[in-house]
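In: Requesting a structural model of the entry that follows:
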Amino acid sequence: MQYRVDKKSGNKLSALGLGCMRLPASAAKSEAVVMEAIRKGINFFDTAYLYPNSEAALGNALHKNGVREKVYIATKLPIIKCRNFDDFDKYFNIQLERLKTDYIDYYFMHNISRLEDWERLLGLGIERWINEKKAQGKIKQLGFSFHGVRDVFMKLIDAYDWDFCMIQYNYINTHYQAGQDGLKYAYSKDIPVFIMEPLLGGSLANGLPDKAFKLLKQYEPEASPASWALRWLWNQPEVTLVLSGMNDVSQIKENASLAEALTGSMNLEELGIIEQVIDIFSESYKIPCTGCNYCLPCPAGINIPNCFTAYNTSYAIGYVAGMTQYATGTSVFTDKPMSILHCTKCGKCEKACPQDIKIVERLTDVRKRMEPFWYRGFMSIARKVVSR
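Out: Next comes the predicted model:
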């Protein structure tokens, strides 16, 4: 396993981390996955309060095998549930109990999409709480996961002395959410960046357009599409660690072998192949949005580039992948989801768009596809479940 240094703490983190959201339901199978990951040199395990049974499964596996001190645990405060100062301790203590530990190595503010999300936490006293927990040694490193737009990410990076951050990033999403600009900005501040969705929910492993798949196989028949996506990320020095939601021992073995052999190893010809794959995706895109974000901020709070990206993804990769992106991009699990329904048709976005996209008209197209008749009711129920 190859390792990269977290510049803030000096910790040596495995280039590949295990995302625990999709650990097997079986305790025995979860334990097998966790222990195989450790045997392969993976030392970073990412979970969250809101991931069903994930924290407990990870905690049980580590405790049973006496390997807690060999790994770094990352988990997340469910900020959507926090209404007052006491809630911080309430959920944190539950997490310590689930994980069978008395400290967390990397603690996230979970899913910050807007600067207002952080400002609300500040108003509840989160900064005092963090300082107390750090002084007690219960939190070692403090960071945030992000699902907003690039400009907000930049402001958020400057809003606090963060120890790390996590963004969604892959070769299709270079202009999505924080994007490549956000990655480089955090790196310039010596803030470690962890990557989620490196395979775009598995689509870059098993859901490539046929033309793109054939292109990769023609160049390197033995290499899997997943290996291309992972190598592309590891080729960038700004990437500290890549998380993969592996839920089977065979996946651990395959991805760990890639991390051992292929980090930082793409040549110019291979990078050119990736650019061709991106172009093939672009052929499937219905809206020629480049994610420049000139249309933002929207007076109604709509995340226009993310809406377009999700819409395009629903055609290029698949409807489920597109809907997943749409849900996160419209902040559906926050206090103020930003549906296209809120659009006032003011036209401010169209005046700023360098691509001359008829944004108001195209948002209507997006809403028809991404917000079918059942969408609002289903998401309302989902939000209530998450916020309990």
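In: Just the residues contacting the helix ranked longest in the chain, thanks.
Out: Ranked by number of residues, the top helix in the chain under DSSP state H is helix 268-284. Residues outside helix 268-284 that contact it (Cβ atoms under 8 Å, 6 or more residues apart in numbering) are 171-172, 208-209, 211-212, 215-216, 219, 228, 231-232, 235, 266, 312, 315-317. Yep, even glycine has a C-beta here, placed from its N, CA and C like the rest.
In: From those, keep the buried residues only.
Out: Buried members of those, counted by 16 or more other Cβ atoms under 10 Å: 171-172, 208, 212, 215-216, 228, 231-232, 235, 266, 312, 316-317.
In: OK, contacts around Cys349?
Out: Contacts of Cys349 (Cβ under 8 Å, 6+ apart): 295-296, 298, 304, 359-360.
In: ok, 6 Å please
Out: Contacts for Cys349 were tallied using Cβ atoms under 6 Å, 6 or more residues apart in numbering; they are 295, 304, 359.
In: Which parts of the protein belong to which domain?
Out: 3-267, 285-387 (automatic domain parsing).
In: okay if I get the ones you listed as CSV plus mean pLDDT and distance to Glu275?
Out: Below are the domains of the chain laid out as CSV (pLDDT from 0 to 100; distance: least, Cβ to Cβ, whole Å):
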stretch, mean pLDDT, distance to Glu275
domain 3-267, 92, 9
domain 285-387, 80, 15
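In: Would you reformat the ones you listed as CSV and include distance to Gln276?
Out: Shown next, in CSV, are these (distance: least, Cβ to Cβ, whole Å):
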stretch, distance to Gln276
domain 3-267, 6
domain 285-387, 15
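In: How are the strands of this structure distributed by residue range?
Out: Using DSSP state E, the strands of the chain run over 3-5, 12-14, 16-19, 44-46, 72-77, 104-112, 139-146, 164-168, 193-196, 241-244.
In: Turn the ones you listed into JSON lines, columns for mean neighbour count and distance to Ser257.
Out: JSON lines is the format used below for those (neighbours: other Cβ atoms under 10 Å; distance: least, Cβ to Cβ, whole Å):
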{"stretch": "strand 3-5", "mean neighbour count": "16", "distance to Ser257": "15"}
{"stretch": "strand 12-14", "mean neighbour count": "20", "distance to Ser257": "13"}
{"stretch": "strand 16-19", "mean neighbour count": "28", "distance to Ser257": "10"}
{"stretch": "strand 44-46", "mean neighbour count": "27", "distance to Ser257": "17"}
{"stretch": "strand 72-77", "mean neighbour count": "26", "distance to Ser257": "21"}
{"stretch": "strand 104-112", "mean neighbour count": "24", "distance to Ser257": "25"}
{"stretch": "strand 139-146", "mean neighbour count": "22", "distance to Ser257": "27"}
{"stretch": "strand 164-168", "mean neighbour count": "25", "distance to Ser257": "24"}
{"stretch": "strand 193-196", "mean neighbour count": "22", "distance to Ser257": "19"}
{"stretch": "strand 241-244", "mean neighbour count": "26", "distance to Ser257": "13"}
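In: Let me know which of the ones you listed is the nearest to Ala321.
Out: strand 164-168 (12.1 Å; Cβ to Cβ).
In: okay, the angle between that closest one and strand 72-77?
Out: With axes from the mean of the first three to the mean of the last three Cα atoms, to 10 degrees applied, the angle from strand 164-168 to strand 72-77 works out at 70 degrees.
In: Next, the angle from strand 164-168 to strand 104-112.
Out: Using the same axes, to 10 degrees: strand 164-168 against strand 104-112 is 50 degrees.
In: Pull the distance from strand 164-168 to the chain's centre.
Out: 7 Å (Cα atoms, centre = their mean, to the nearest Å).
In: Tell me which strands that strand pairs with, and in which orientation.
Out: Partner strands for strand 164-168, per DSSP bridges, with pairing direction: strand 139-146 (parallel), strand 193-196 (parallel).
In: What lies in contact with the longest one?
Out: The set of residues that contact strand 139-146 without belonging to it, under Cβ under 6 Å, 6+ apart, is 9, 104-112, 130, 133, 153, 162-167, 178.
In: and if you look at the last one?
Out: Under the contact criterion Cβ under 6 Å, 6+ apart, strand 193-196 has outside partners 165-166, 168-169, 183, 186, 233, 239-243.
In: Reformat those residues as JSON lines; add distance to Ser30.
Out: Formatted as JSON lines, the contacts of strand 193-196 follow (distance: Cβ to Cβ, whole Å):
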{"residue": "Cys165", "distance to Ser30": "27"}
{"residue": "Met166", "distance to Ser30": "22"}
{"residue": "Gln168", "distance to Ser30": "24"}
{"residue": "Tyr169", "distance to Ser30": "27"}
{"residue": "Leu183", "distance to Ser30": "31"}
{"residue": "Ala186", "distance to Ser30": "32"}
{"residue": "Leu233", "distance to Ser30": "26"}
{"residue": "Val239", "distance to Ser30": "27"}
{"residue": "Thr240", "distance to Ser30": "26"}
{"residue": "Leu241", "distance to Ser30": "21"}
{"residue": "Val242", "distance to Ser30": "21"}
{"residue": "Leu243", "distance to Ser30": "17"}
